[in-house]
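[1] need coordinates for the below:
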Amino acid sequence: MNASVAIQSLPAAENNDELIRIVDAVIDYIKSTGLNYYVGPFETTIEGDYDELMDIVKECQHIAVRAGAPSVMAYIKVSYHPEGDVLTIEKKVTKHHQ
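    Here you go, the predicted model:
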């Protein structure tokens, strides 16, 4: 695992319920990838191969639009270590959830 990505998907929506429905569709897609992920209140973090993660980030925008968003913005954070492993989600947050 040479990368982790945090994505905050911000689809345009008529109201909060619609916003949550669209974001849930994006999160369902992320879950379906089989990669390790962590859903936070503002963003979802995913761990894996850099190229695969970049494809997932791209597809998240398409998912939001297919779910009904007329447009979508996203904030992306990327940690990439081409020759090694990134610090895992588990090491970063587990101690705070016990």
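[2] next secondary structure after the helix or strand where residue 22 lies?
    Per DSSP states H and E: residue 22 is located in helix 16-32. Stepping forward along the backbone from helix 16-32, the first helix or strand reached (DSSP H and E) is strand 37-39.
[3] next, the buried residues of that next one.
    By 16 or more other Cβ atoms under 10 Å, the buried positions in strand 37-39 come out as 37-38. From N, CA and C alone the C-beta is placed, and that goes for glycine too.
[4] neighbouring strands - and their directions - for that strand?
    Note on strand 37-39: by DSSP bridges, its sheet partners are strand 44-48 (antiparallel).
[5] and the partner strand, average pLDDT?
    Looking at strand 44-48 alone, the average pLDDT works out to 98.
[6] would you mark the buried spots in it?
    44-48.
[7] do the same with stretch 46-61
    Using 16+ other Cβ under 10 Å as the test for burial, stretch 46-61 gives 46-48, 50, 53, 56-57, 60-61.
[8] likewise for stretch 86-98?
    Of the residues in stretch 86-98, those scored as buried under the neighbour-count criterion (16+ other Cβ under 10 Å) are 86, 89.
[9] so which elements touch the helix or strand of the chain with the lowest mean pLDDT?
    Across the helices and strands of the chain, the lowest-confidence element by mean pLDDT, DSSP states H and E is helix 89-93, at a mean of 91. Packing partners of helix 89-93 (3 or more Cβ pairs under 8 Å, 6 or more residues apart in numbering; DSSP states H and E): strand 37-39.
[10] and residue 18, how many residues sit next to it?
    Residue crowding around residue 18 was assessed by other Cβ atoms under 10 Å; the count is 15.
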